[in-house]
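Asker: Dropping the sequence and predicted coords here.
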Amino acid sequence: MLDLKQFEVWFVTGSQHLYGEETLRQVDEHSKIIADFFNNSPQIPVKVVFKPVVKTPEEILQICREANVAPNCVGIITWMHTFSPAKMWIRGLTALQIPLLHLHTQFNRDIPYSEIDMDFMNLNQSAHGDREFGHIMTKMRMNRKVVVGHWQAILVLEQINVWTRVSVAKYKMQTMKVVRFGDNMRQVAVTDGDKVSAEMKFGFSVNTHAVGDLVQVINQISDAEIGKLMQEYEDTYTLMPSLTKYGEKRSSLFEAARIELGLKAFLEDGGYSAYTNTFEDLHGMRQLPGIGSQRMMAAGYGYGGEGDWKTSAMVHIMKVMASGMKGGISFMEDYTYHFDPANPMVLGSHMLEICPTIAANQVNCEVHPLGIGGKEDPVRLVFNAAAGPALNVSLVDLGNRFRLIVNEVEAIEVTESFPKLPTARALWKPQPSMEVGLQAWILAGGAHHTVYSQNLTTEYIEDLAEMLDIELVVIDKDTKIRGLKNELRLNEFFYK
Ligand code: MN
């Protein structure tokens, strides 16, 4: 798990020299109190670093340049305690390359009716000072997050929490590497796309290795290491009898452990945080990685089946955002539908590769034949996903731009048994309804592969889309098809 405390955001307060030394001293003091409060707040996962109040265009430019290059600084939070004429901010904001959160707060929560005087008014001007600051960013067409409310309010802290987590993800994307073992599945459209444009837009690189390069690493794994991992499987999961010590399929478990260790070594050595593979290109491998890919995801790596590098990258990015949060995130596929009008649902799964972090309870380790790929029977983890609100997220390449699509869903407790389906299973109801949710998804061009998240909300994806300056289509309880069609049409014009 990624330790988010190694990352920091800077708390920058703007002012000007008009008010004199004493007022500026108080601005500094109050800003420090707020920054310290954030830094000590359990709701905010990163370090919050107080910066002395900036009062001139030169100071503002300087701090924006410093923030751009400061190691592990993922964004800045700005606040105008007094009035900071916003032309002073143009140069700094033009230079700024990291996300900005505009905190529209004020030091006092309430109007101090009996004590308020002109000295108080001189110091506490954010109600209008922040509007001047907001105006220049709108005029400059700058994407930023605006958070409104008293700085101790839980809703304010929650929004800052979301933004800091997304800022860390964006920061990590700048150096992120995705490796593809082989190309994508032949003839498939949605898993393909422009990897060069993706690197320009998102920062992560996507490069290919022949599956033989991976096989070479897999073949070097020692029996001792494999033995240790098999013990971990036994301690962690419920093994089917044929996989236990003297079972007739024990050798399949041995091979699965070898593959997992090979994958892990390859990714670690290459500095990769996400990968793809495809059942069409497994030369030299005896099984399609099942449990290996499932456990690599659980360890935080991104995975996409059939060469799907966009979904793989998003799995990792979303796991970074959710570091330390309850619930899980997995690669997912819309598998089949339950069109019962009384209880419509989607069954989500993949032939093997679903992350066990989304499991409701017991995780079984099983081996079964796979109808495709022509390899030996792969070992996989089988379980049911937990109930509760969740998201399906898809990143697609529309040729002239990338689009993020979110469908909010409600996962249902899996009560039926699936005695003949040896995969992990999730059941959910798309918002706003089965028909409208699916129709909207199809119209928006959403993929059959998604990132399925139990812990992130749409706000995270919205913040990410704005930081990356890409299109976002949200399908939620308020979605109406006619409105969505118009949104998609207007977006064609906006992104032309
Ligand atoms: Mn698939």
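Answerer: Done, it's in.
Asker: how many other residues sit next to the nearest residue to residue 2 once chain neighbours are set aside?
Answerer: Leaving out its chain neighbours, the residue that sits closest to residue 2 by Cβ to Cβ, 6 or more residues apart in numbering is residue 323, at 4.4 Å. Placement of C-beta: from N, CA and C, glycine included. Close neighbours of residue 323, defined as other Cβ atoms under 10 Å, add up to 15.
Asker: What's the separation between residue 323 and the ion?
Answerer: Computed as Cβ to the ion, to the nearest Å, the residue 323 to the ion distance reads 26 Å.
Asker: For that residue, which residues are in contact?
Answerer: With Cβ atoms under 8 Å, 6 or more residues apart in numbering as the criterion, the residues that contact residue 323 are 1-4, 45, 165, 168.
Asker: how about a cut-off of 7 Å?
Answerer: Each residue near residue 323 by Cβ atoms under 7 Å, 6 or more residues apart in numbering is listed here: 1-2, 4.
Asker: which of those are buried?
Answerer: 2, 4 (16 or more other Cβ atoms under 10 Å).
Asker: which one of the contacts of residue 323 sits closest to residue 179?
Answerer: If you rank these by distance to residue 179 using Cβ to Cβ, residue 2 comes first, at 19.3 Å.
Asker: Is that closest one located within a helix, as I assumed?
Answerer: No: under DSSP: H, G, I helix; E, B strand; the rest coil, residue 2 sits outside any helix and is assigned coil.
Asker: need the contact list for it.
Answerer: Going by Cβ under 7 Å, 6+ apart, the list of residues near residue 2 reads 300, 320, 323.
Asker: looking at this, residue 333 is in a strand?
Answerer: Yes: the assignment for residue 333 is a strand, going by three-state DSSP.
Asker: Tell me which residues touch it, please.
Answerer: Contact criterion Cβ under 7 Å, 6+ apart gives 348-350, 448-449 as the residues in contact with residue 333.
Asker: One more pass at 6 Å, please.
Answerer: Counting by Cβ atoms under 6 Å, 6 or more residues apart in numbering, residue 333 touches 350, 448-449.
Asker: which SSE is residue 393 in?
Answerer: Assessed by DSSP states H and E, residue 393 sits inside strand 388-397.
Asker: now that strand, how far from the chain's geometric center?
Answerer: When C-alpha coordinates are averaged (Cα atoms, centre = their mean, to the nearest Å), strand 388-397 and its chain have centres 10 Å apart.
Asker: Paired strands for the next helix or strand after it, with orientation please.
Answerer: Once the chain leaves strand 388-397, the next helix or strand it forms, by DSSP H and E, is strand 402-412. Here the strand partners of strand 402-412, with direction, are listed using DSSP bridges: strand 388-397 (antiparallel), strand 426-430 (antiparallel), strand 471-475 (parallel).
Asker: so which of the ones you listed gets nearest the ion?
Answerer: Each of the strands paired with strand 402-412 was scored for nearness to the ion using Cβ to the ion, and the closest is strand 388-397 (12.5 Å).
Asker: Pull out the buried residues from the closest one.
Answerer: Of the residues in strand 388-397, those buried under the neighbour-count criterion (16+ other Cβ under 10 Å) are 390-397.
Asker: among these, which two are most distant?
Answerer: The span of these, defined through Cβ to Cβ, is set by 390 and 397 at 24.3 Å.
Asker: Centre-most residue in this structure?
Answerer: Closest residue to the average C-alpha location of the chain: residue 318 at 1.9 Å, with Cα atoms, centre = their mean.
Asker: Output the contacting helices and strands for the helix or strand harbouring it.
Answerer: Using DSSP H and E, residue 318 maps to helix 309-321. Where contact means 3 or more Cβ pairs under 6 Å, 6 or more residues apart in numbering; DSSP states H and E, helix 309-321 is packed against helix 154-173, strand 177-181, strand 274-276, strand 302-304, strand 329-338, strand 449-453.
Asker: The stretch 251-400 of the chain against the ion: which residues are in contact?
Answerer: Counting by Cβ under 5 Å from the ion, the residues of the stretch 251-400 of the chain close to the ion are 305-306, 333.
Asker: Any chance of TSV for these, columns pLDDT?
Answerer: What follows is those, written out as TSV (pLDDT from 0 to 100):
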residue	pLDDT
305	97
306	96
333	98
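Asker: from these, which is closest to residue 257?
Answerer: For those, the closest approach to residue 257 (Cβ to Cβ) belongs to residue 305, at 20.7 Å.
Asker: now the closest one: how far from residue 179?
Answerer: Using Cβ to Cβ, to the nearest Å, one gets 15 Å for the distance from residue 305 to residue 179.
Asker: domains in the chain, as residue ranges please.
Answerer: Annotated domains of the chain cover 4-173, 177-494 [automatic domain parsing].
Asker: Now do the shortest one, average pLDDT.
Answerer: Read that as domain 4-173. Within the predicted structure, the mean pLDDT of domain 4-173 is 97.
Asker: how long is it end to end?
Answerer: Start and end residues of domain 4-173 are separated by 15 Å (Cα to Cα, to the nearest Å).
Asker: Please apply the same query to the longest one.
Answerer: According to Cα to Cα, domain 177-494 extends 31 Å from its N-terminal end residue to its C-terminal end residue.
Asker: distance between that domain and the chain's centre?
Answerer: For domain 177-494, the gap between its own C-alpha mean and the chain's C-alpha mean amounts to 13 Å (Cα atoms, centre = their mean).
Asker: Could you shift the numbering so residue one becomes 667, and keep it that way?
Answerer: Shifting the count to begin at 667 puts that one at domain 843-1160.
Asker: Helices along the stretch 767-916 of the chain, start to end?
Answerer: Counting by DSSP state H, counting those that start in this stretch, the segments of the stretch 767-916 of the chain that form helices are 784-789, 792-805, 820-839, 861-868, 877-885, 889-902, 916-936.
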